[in-house]
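Student: Whatever this is, show me its structure:
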Amino acid sequence: MEEVDKKEIFVNLKFPLKYKLKHIKEFLNYLMYDDLNNLKNQSGKVFSKDQESHDKQLELLENCILLNEERKEEYQNLVKFRNELEKFLTKTCLEKSKLNYQTLEYKKLSNQKDEYEKERKSLKRRESERREV
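Tutor: Take a look at the predicted model:
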């Protein structure tokens with residue numbers, strides 16, 4: 001963190017949220033209670049008017065982190081759903097293409113192909129017989 005004239009805290013966003021929350025809490029506690037402007041007696045009790053706002057800020061921060069984790073989980077679930085949907089659609093398209101093989105047009109073309117193959121084989125056989133003779 002850097003010292004700034006304004007009352008802002010810069011947080012490195014590369015760290016996980018729970019890690020940031022822990023250090024932000026420690027920093028806020030340091031600012032609120034270990035500062036010379038705040039009163040702290042020997043028993044460790046803190047006398048500060050900002051105690052409620054501090055607790056409220058920490059609660060809001062925790063809620064924000066929980067919300068971010070929920071969003072992260074939701075995003076991961078959406079990615080899983082998208083992948084499953086892609087698999088399903090691919091499978092469905094393959095099944096549809098298999099069904100197309102059973103249409104009348106396909107059967108006619110397949111029969112023609114078989115006939116041409118038979119004719120080609122018979123021509124090859126005749127040609128090989130001619131060469132032998």
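Student: Which pLDDT value goes with residue 11?
Tutor: pLDDT, residue 11: 55.
Student: just the one 5 residues further on next, same as before
Tutor: At residue 16, the pLDDT value in this model is 62.
Student: Equivalent analysis for residue 21, please.
Tutor: Taking residue 21 on its own, its pLDDT is 72.
Student: secondary structure class for it?
Tutor: Three-state call for residue 21 (DSSP: H, G, I helix; E, B strand; the rest coil): helix.
Student: With residue 71 as the reference, measure out to the nearest residue to it once chain neighbours are set aside.
Tutor: Counting by C-beta to C-beta, 6 or more residues apart in numbering, residue 65 is the residue found nearest to residue 21 once chain neighbours are left out, at 5.3 Å. Glycine gets a C-beta too; all of them are placed from N, C-alpha and C. Between residue 65 and residue 71 the distance, using C-beta to C-beta, to the nearest Å, works out to 11 Å.
Student: Looking at the two, which has the bigger crowd around it?
Tutor: Per other C-beta atoms under 10 Å, whichever of residue 65 and residue 71 has more neighbours is residue 65, with 16 against 10.
Student: What helix or strand is the more buried one located in?
Tutor: Assigned by DSSP states H and E, residue 65 falls within helix 51-100.
Student: Equivalent analysis for residue 119, please.
Tutor: Using DSSP H and E, residue 119 maps to helix 104-132.
Student: where does this protein have its least confident helix or strand?
Tutor: Counting by mean pLDDT, DSSP states H and E, the weakest-scoring helix or strand in the chain turns out to be strand 39-40, with a mean of 46.
Student: how close does residue 106 get to residue 115?
Tutor: With distances defined as C-beta to C-beta, the gap from residue 106 to residue 115 amounts to 15 Å.
Student: Then residue 27?
Tutor: When C-beta to C-beta is the yardstick, residue 27 and residue 115 sit 85 Å from each other.
Student: for the protein, which spans come out with low pLDDT?
Tutor: Within the chain, the segments meeting pLDDT under 70 span 1-20, 28-52, 99-102, 133.
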